[in-house]
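S.K.: just a sequence and a predicted model for now, questions to come.
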Amino acid sequence: MQMKEYGYLVAIIVAIFTITLLGAVYSPTFEEQKSFLELFFLMGSLLFIFSALVLFATLGFASFALYAAVFLAAVMGMYGIEGAALVVLLTYLAWGGIFGMQFLLLAYGTKSALEWFESRYTYRNFRYEYVAFYPMIWIDYLLLEALPSLFLRERPLHLKPKRVSEGMKALLPPR
């Protein structure tokens with residue numbers, strides 16, 4: 001039943017953009033076309049802001065989600081969609097880098113990393129961020145473990161993210 005509601009939401013969004021774009025194409029004057037195109041881009045910007053808000057809230061950034069939406073709206077107002085996309089990318093890189101470093105510390109048995117995860121996550125939230133930041137875990141592993149080991153001519157420690165993730169299921173509360 002819930003997926004059907006998402007289907008309606010997607011259909012409404014597509015209809016709004018289609019009607020607005022058709023208004024721009026079939027407008028008799030340049031001024032009307034310009035107005036419809038501005039409305040089209042404004043709706044796209046709002047959709048982007050709300051999508052980012054939902055993404056941040058879903059990933060567990062509950063206290064951060066509202067701030068991020070307001071900040072994205074301000075950045076988009078000043079710098080356009082490119083500025084907002086840059087903010088989303090930098091947020092992903094920053095938070096993903098932190099998550100990835102803590103994950104590496106946890107994988108190598110650091111007690112403070114375990115405490116960090118226990119104080120911030122349920123297993124469900126941990127899994128969301130694990131999936132979202134999986135590439136960042138490997139980038140951090142490459143930058144913090146593999147490359148230095150290569151330069152020092154040592155063998156890098158092996159990382160098995162799936163094993164660590166499964167171990168967290170026993171340590172973190174389910175919800």
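M.R.: Received, thanks.

S.K.: OK, contacts around Phe133?
M.R.: Tyr92, Trp95, Gly96, Phe99, Gly100, Phe103 (CB atoms under 8 Å, 6 or more residues apart in numbering). No exception for glycine: its C-beta is placed from N, CA and C like everyone else's.

S.K.: go with 10 Å
M.R.: With contacts defined as CB atoms under 10 Å, 6 or more residues apart in numbering, Phe133 is in contact with Leu59, Tyr92, Leu93, Trp95, Gly96, Gly97, Ile98, Phe99, Gly100, Phe103, Ile139, Asp140.

S.K.: give me the nearest residue to the fifth one, chain neighbours excluded.
M.R.: With CB to CB, 6 or more residues apart in numbering as the measure, Met136 is the residue that lies nearest to Gly96, at 3.2 Å, once sequence neighbours are left out.

S.K.: again with the third one
M.R.: With sequence-adjacent residues excluded and distances taken as CB to CB, 6+ apart, Leu93 is closest to Met136, at 7.4 Å.

S.K.: quick revisit: nearest to Ala24 among the contacts of Phe133?
M.R.: Tyr92 (32.3 Å; CB to CB).

S.K.: state the distance from the closest one to Gly44.
M.R.: Distance of Tyr92 to Gly44, given as CB to CB, to the nearest Å: 20 Å.

S.K.: which one's more surrounded, the two?
M.R.: Counted by other CB atoms under 10 Å, Tyr92 and Gly44 do not tie: Tyr92 has more neighbours, with 17 against 13.

S.K.: quick one on the thing from earlier: narrow the contacts of Phe133 to those in strands?
M.R.: Of these, none are assigned to strands by DSSP state E.

S.K.: and the average pLDDT for the helix or strand where Pro148 lies is what?
M.R.: When elements are assigned from DSSP states H and E, Pro148 belongs to helix 147-151. For helix 147-151, mean pLDDT rounds to 88.

S.K.: so how far is that helix off the chain centroid?
M.R.: 30 Å (CA atoms, centre = their mean, to the nearest Å).

S.K.: output the contacting helices and strands for the helix or strand that that helix is followed by.
M.R.: Downstream of helix 147-151, the next assigned helix or strand under DSSP H and E is helix 161-171. Here helix 161-171 is seen to pack against helix 62-107, helix 111-120, helix 123-132, helix 134-141 when contacts are counted using 3 or more CB pairs under 10 Å, 6 or more residues apart in numbering; DSSP states H and E.

S.K.: thank you kindly, that will do.
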